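Peer 1: could you work out the structure for the sequence below:
(chains A and B)
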2 protein chains.
Amino acid sequence: MDPEQMLKVAVEEARAGLAEGGIPIGAALFGPDGELLGRGRNRRVQDGDPSMHAETAAFRAAGRLRGYGRTTMVTTLSPCWYCSGLVRQFGIGRVVVGETRSFTGGHDWLAEHGVEVTVLDDPACVELMTGFIAARPELWYEDIGE
Amino acid sequence: MDPEQMLKVAVEEARAGLAEGGIPIGAALFGPDGELLGRGRNRRVQDGDPSMHAETAAFRAAGRLRGYGRTTMVTTLSPCWYCSGLVRQFGIGRVVVGETRSFTGGHDWLAEHGVEVTVLDDPACVELMTGFIAARPELWYEDIGE
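Peer 2: You can find the predicted model right below:
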């Protein structure tokens, strides 16, 4: 499965989050043969849960697994330190990032630590986040702890 | 509130987790005046949820907050990269660690990035983890992605 196809699932999640009044960041975890293991979106608003970023929600949805080395985490936005830490701790082998313009998290750090990182610079992802940050800055800065 | 007192809450959580058949790691988030904001324990076994490490559970329990700079995260064990990333992203100002003998996560990295880190080397915490790792190694290595 190519990165663009995987990103589509994450974008669907982000759009669903936006429609719910939430923060429009989506993610999905794929297995070695392109099988979808879990998908999710930021749930701060929907569940009042600050611990559920898109990547952690996708990771949770995949359930208990052994060995993440051949899995791919795809996310609409550069993963923050929290989500980058998740990738590093569990040894997720590959990360596909929709965009890094609105926010720069730990994707370079992950690459330094051996994770295969692909940045797509996807216009739809950029538009989702720039529109959201302009409309709801207080919610965005709450979500990244600033 | 001194670090030892805060650690007691985390140890209570860890012991409760062990009694439930779970991974005995506990944590709590305290506010600037020593008020308890949230407490939690690893929930991999109890909820089948790999995203709920002790620190993330305590952070979740505290709900949506603004400004973590004057909060303290206390945990029975050195925080893994995932939980260290949480601390860094949300700007939690201080971390109290029960022990670092059984596992070394990102506490030095946090200190390098300006977090005030206190390591207590608490014998009860060491005993909890060494006993658990000897008894259930497969569960422990699953929880840290190894």
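Peer 1: would you mind listing what in chain A touches chain B?
Peer 2: Of all the residues in chain A, those in contact range of chain B (CB under 8 Å from any CB of the partner chain) are A:44, A:48-52, A:56-57, A:59-60, A:62-66, A:68, A:80-86, A:88-91, A:106, A:142, A:144-146. Using the backbone N, CA and C atoms, a C-beta is placed for each residue, glycine as well.
Peer 1: what subset of those residues is buried?
Peer 2: Of all the residues of chain A next to chain B considered here, the ones buried according to neighbour count by 16 or more other CB atoms under 10 Å in any protein chain shown are A:44, A:49-52, A:56-57, A:59-60, A:62, A:65, A:68, A:80-86, A:88-91, A:106, A:142, A:144-145.
Peer 1: of those residues, which belong to helices?
Peer 2: Using DSSP state H, A:44, A:56-57, A:59-60, A:81-86, A:88-90, A:142 are the members of those that sit in helices.
Peer 1: from those, pick the one nearest chain B.
Peer 2: Minimum distance to chain B across these is 2.4 Å, recorded for A:G85 (CB to the nearest CB).
Peer 1: my guess is the closest one meets B:F90, correct?
Peer 2: No: the criterion here is CB atoms under 8 Å, and A:G85 misses it with B:F90 at 11.6 Å.
Peer 1: just to revisit the earlier point, farthest pair in the ones in helices among the buried ones among the residues of chain A next to chain B?
Peer 2: By the measure CB to CB, those have their two most distant members at A:F90 and A:E142, which lie 25.9 Å apart.
Peer 1: poorly predicted segments of chain A, please.
Peer 2: Counting by pLDDT under 70, chain A contains no low-confidence segment.
Peer 1: repeat that with 90
Peer 2: For chain A, applying pLDDT under 90 flags the ranges A:1.
Peer 1: now the strands for it?
Peer 2: A:26-30, A:36-41, A:72-75, A:94-97, A:116-119 (DSSP state E).
Peer 1: how far off centre is stretch A:64-81?
Peer 2: Using CA atoms, centre = their mean, to the nearest Å, the distance from the centre of stretch A:64-81 to the centre of the chain it belongs to is 8 Å.
Peer 1: so how far does that stretch reach from one end to the other?
Peer 2: Distance between the boundary residues of stretch A:64-81 (CA to CA, to the nearest Å) amounts to 22 Å.
Peer 1: and A:A111, how many neighbours does it have?
Peer 2: By the criterion of other CB atoms under 10 Å in any protein chain shown, A:A111 has 14 neighbours.
Peer 1: list the contacts of the nearest residue to it once chain neighbours are set aside.
Peer 2: In this structure, A:A111 finds its nearest non-sequential neighbour in A:V117, 4.4 Å apart by CB to CB, 6 or more residues apart in numbering or on different chains. Taking CB atoms under 8 Å, 6 or more residues apart in numbering or on different chains as the contact definition, A:V117 lies against A:R94, A:V95, A:V97, A:H107, A:D108, A:L110, A:A111.
Peer 1: quickly list what the residue positioned nearest the centre of chain A is bridged to.
Peer 2: Residue closest to the average C-alpha location in chain A (CA atoms, centre = their mean): A:T75, at 3.0 Å. Counting by DSSP bridges, A:T75 forms beta bridges with A:A27, A:V97.
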